[in-house]
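>>> this one's sequence-less:
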């Protein structure tokens, strides 16, 4: 599984990255987590509001930080 956290460095973006890494670790899932902070790459996904989360190439959250429960469901836990 490939998970990308899109964000330019704001506190919400950092929070989403931390939350995602913790959730994946606790679940013992084999996933690659990539932090994307290049604005042109972020826009290439059609994302205009960060933070955003992409799982296996699909934008699943944009413009907010999901709850832990929602994040677990999105990851498939």
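That came through fine. The structure displayed is predicted, hence computed values, not measured ones. Numbering: from 1, shown residues only.

>>> Look at residue 1 and say how many residues are nearby.
By the other CB atoms under 10 Å criterion, the neighbourhood of residue 1 contains 12 residues. No exception for glycine: its C-beta is placed from N, CA and C like everyone else's.

>>> who's in contact with it?
Contact criterion CB atoms under 8 Å, 6 or more residues apart in numbering gives 29, 30, 31, 32, 55, 56, 75 as the residues in contact with residue 1.

>>> Buried residues of the helix ranked longest in the chain, list them for me.
For the chain, the helix that runs over the most residues, judged by DSSP state H, is helix 11-27. Residues of helix 11-27 classed as buried: 13, 16, 17, 19, 20, 23, 24 (neighbour count, 16 or more other CB atoms under 10 Å).

>>> picking up where we left off before, among the contacts of residue 1, which lie within helices?
Among those, the ones falling in helices (DSSP H) are residue 75.

>>> Nearest to residue 39, out of the contacts of residue 1: which one, please.
residue 55 (21.0 Å; CB to CB).

>>> Name the nearest residue to that closest one, sequence neighbours excluded.
On the basis of CB to CB, 6 or more residues apart in numbering, the spatially nearest residue to residue 55 that is not a chain neighbour turns out to be residue 3, at 5.4 Å.

>>> Now the one you found. Its backbone dihedrals?
The phi and psi values for residue 3, taken as degrees, to the nearest 10, are phi -120, psi 130.

>>> wait, what's in contact with it?
Listed by CB under 8 Å, 6+ apart, the contact set of residue 3 reads 20, 24, 31, 32, 33, 34, 53, 54, 55, 75.
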